[in-house]
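Colleague: Only the shape, not the letters, is given here:
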């Protein structure tokens, strides 16, 4: 389970306080994070339909992140995409939508993990992180100059979530020892 928390750390890691981070470092850390989560979930050796669904979503997000690493590595990121024609604007907005969907799927994966009871007592924290994520997204698109404030709160919520998840793992080790 430690690999799942480590994976979340890499997924939540960002080098700026912008809501939409489309840099190559962000997606490389996502690849590392989803790979770590995938290995962590596989090591649990649970074969329920729920765990198969979790592995499927993590695999999808791993492929999603690799796609954006390749896109950014070849100079075709969302930020460098010209919006001069209708077709290029459509592609640019499609890539932005794909990035935003990818950002929110991690919360669905967390929801599935919570349903399996792996991490006790963090469901309210996940809800707080998700609500703050939504507020940060709204601020980013409505008042971009103030979006950094909910992003800082989001980072703090994510840090507390990771600490609580790690503490849960440590408690389970003590109980099982």
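Modeller: Ah, there it is. None of the values given here were measured: they were computed from a predicted structure. Residues are numbered from 1 along each chain as shown.
Colleague: alpha carbons only for contacts and neighbour counts from here, please
Modeller: OK.
Colleague: Can you tell me which helices and strands the helix or strand bottoming out on mean pLDDT in the chain packs against?
Modeller: Every helix and strand of the chain was ranked by mean pLDDT, DSSP states H and E. The lowest is helix 86-115, at a mean of 78. On a contact count with 3 or more C-alpha pairs under 8 Å, 6 or more residues apart in numbering; DSSP states H and E, helix 86-115 meets helix 49-73, helix 123-142.
Colleague: For residue 45, grab phi and psi.
Modeller: Main-chain dihedrals, residue 45, degrees, to the nearest 10: phi 60, psi 30.
Colleague: burial measure for it, as a count.
Modeller: By other C-alpha atoms under 10 Å, the residues close to residue 45 number 9.
Colleague: Look up how far residue 51 lies from it.
Modeller: According to C-alpha to C-alpha, to the nearest Å, residue 45 and residue 51 sit 9 Å apart.
Colleague: thought residue 9 was touching residue 33?
Modeller: Yes. At 7.0 Å, residue 9 counts as touching residue 33 under the criterion of C-alpha atoms under 8 Å.
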